[in-house]
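In: Build the 3D model from these lines:
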Amino acid sequence: MHRREFLRAGVLAGMGTLLAPMINRGRFRLFADDRVEHSGRAVELVARSTVIDMLGLLTLDWPRLGLWQSEPQRFGALDFHRFQGSGIQVFHPAVDPDDPVDPWGAARRWTDGWNRLIGHRPDCFLRVDAAADLTRARQLGRIGILVGFQSSDHFRTVDDIALFHRQGQRVSQLTYNEKNRIGCGCKVAFDQGLSEYGATVVQAMNRVGMAIDVSHCSERTSLDAFAISHKPVLITHANCRALVPQPRCKSDAVIRAMAARGGVMGITTVPAFVHPRPPATFEQVLDHFDHVARLVGVEHVGLGSDTDLDALDPRTGRVRPMYAIAGLDHPRRVFDLAEGLLRRGYGEKDVELVLGGNFARVLAQIFDVPPPAPPWLDCPRSPWSCPEAPSQAAR
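Out: So this is what the prediction gives:
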């Protein structure tokens with residue numbers, strides 16, 4: 001079999017709901033009831049890429065997720081094939097613990113639920129603990145799960161960071177929309193930036209190899225995190241304020257600072273962040289990828305959808321209005337993205353970077369934990385007090 005035919009066959013074989021005939025000079029209908037065709041070139045790109053959605057939920061139907069986690073055998077073959085058919089190999093299904101009374105307990109229950117599902121269904125899932133697991137998930141045909149949170153309220157002290165790292169957590173957003181002990185969220189009226197405690201949290205996350213996320217953080221908190229962290233900091237799911245002037249979108253100053261430290265920004269498919277006036281379109285989603293690529297380089301942009309696989313309301317079976325993007329079908333969004341970027345003139349290598357190569361690269365840098373450095377070496381990066389460096393003679 002020719003290599004191109006092999007790649008096509010491979011990606012299509014993993015999609016249990018696909019009709020997948022090759023038609024019209026190398027174009028495909030990915031799903032049996034699909035009216036949209038994708039080029040063989042786009043399908044091949046998805047097939048050979050490690051596709052990472054840095055805010056991709058398995059489902060927005062929380063009772064259903066609870067059932068999968070409490071009774072893992074209820075995650076069936078059809079469920080598995082749906083995720084395989086999406087083209088996404090690694091999901092980061094992060095939530096805000098959203099329990100003001102006991103965020104630590106809520107976070108433990110969340111990590112326990114994922115560990116139960118993954119542990120009982122190794123035929124379907126692989127927990128991503130190290131950079132090598134990102135490609136292993138694709139090689140083994142498993143669904144990679146990056147356990148994370150959209151708030152760090154569950155860190156009662158910096159010691160909890162190592163505890164949750166041992167439980168499998170690999171990503172943590174510093175704040176959600178409001179202020180917490182660590183820093184300020186994007187909706188605060190007075191942005192005070194990162195707190196002194198927040199600075200110690202950033203440094204502790206660096207030490208254990210946990211990725212820092214500032215997607216919902218305020219401008220100043222984001223910039224403080226970039227300045228203090230000695231590892232790249234992520235914006236897993238946000239859009240560009242230059243295109244949509246609202247607090248949840250990131251300014252050019254923040255995007256430049258993120259890229260200067262080696263970070264990557266995931267673009268969402270949430271209409272309110274895509275265009276200031278409805279209806280939002282898929283072409284406008286692509287505009288945000290373009291803006292980041294032109295501003296700081298294609299090496300610093302990726303996918304952070306901020307929804308689940310199909311964005312459906314389980315009560316109606318229709319796409320939720322808050323996720324409706326004209327010209328985008330969520331279950332095939334990765335193929336739409338590959339097609340759209342190719343159409344806009346991106347090279348194949350660049351498309352592979354956007355689909356997941358950029359996040360794979362930066363996560364490898366973050367997860368790698370070198371031997372601890374003397375404490376005074378971090379001192380210039382922090383505006384707060386640190387251990388005094390020994391004198392030249394003492395060294």
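In: drop to CA atoms for contacts and neighbour counts, all remaining ones
Out: Fine.
In: Asp310 touches His330, doesn't it?
Out: Yes. Judged on Cα atoms under 8 Å, Asp310 makes contact with His330 at a distance of 5.0 Å.
In: What segments of the stretch 151-300 of the chain are helices?
Out: Per DSSP state H, counting those that start in this stretch, the stretch 151-300 of the chain carries helices over the ranges 159-166, 196-208, 219-228, 252-260, 271-274, 282-296.
In: Please put the alpha-carbon coordinates of the fifth one into CSV.
Out: This means helix 271-274. What follows is helix 271-274 as a C-alpha-only set of coordinates in CSV (Å, rounded to 0.1, in the frame of the first residue of the first chain):
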residue,chain,number,x,y,z
PRO,A,271,-18.2,32.5,20.2
ALA,A,272,-18.0,35.2,22.8
PHE,A,273,-14.2,35.2,22.6
VAL,A,274,-14.1,34.7,18.8
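In: got the contact list for that helix?
Out: Contacts with helix 271-274, where a contact means Cα atoms under 8 Å, 6 or more residues apart in numbering, come from 238-240, 243-244, 246, 248-249, 268, 278-281, 284-285, 288, 322-325.
In: Would you list the buried entries among those?
Out: Neighbour counting over the contacts of helix 271-274 (16 or more other Cα atoms under 10 Å) leaves 238-240, 243-244, 246, 248-249, 268, 280-281, 284-285, 288, 323-325 as the buried ones.
In: Inside strands: which ones of those residues?
Out: Counting by DSSP state E, these place Ala238 in strands.
In: any idea how far Arg256 is from His237?
Out: 16 Å (Cα to Cα, to the nearest Å).
In: And those two? Which one has more around it.
Out: Neighbour tally, His237 and Arg256, criterion other Cα atoms under 10 Å: the higher count belongs to His237, 27 against 18.
In: Any idea how far stretch 295-313 is from the middle of the chain?
Out: Averaging C-alpha positions (Cα atoms, centre = their mean, to the nearest Å) puts stretch 295-313 7 Å from its chain's average.
In: So for that stretch, what gets flagged as buried?
Out: By 16+ other Cα under 10 Å, the buried positions in stretch 295-313 come out as 296, 298-312.
In: Filter these down to the ones in helices?
Out: Val296 (DSSP state H).
In: Which of the buried residues of stretch 295-313 fall in strands?
Out: Short answer: the buried residues of stretch 295-313 in strands (DSSP E) are Val301, Gly302, Leu303.
In: Which single one of those is nearest to Gly357?
Out: Gly302 (8.2 Å; Cα to Cα).
In: who's in contact with the closest one?
Out: Contacts for Gly302 (Cα under 8 Å, 6+ apart) come out as Asp53, Val264, Met265, Gly266, Ile267, Phe289, Leu353, Val354, Leu355, Gly356, Asn358, Phe359.
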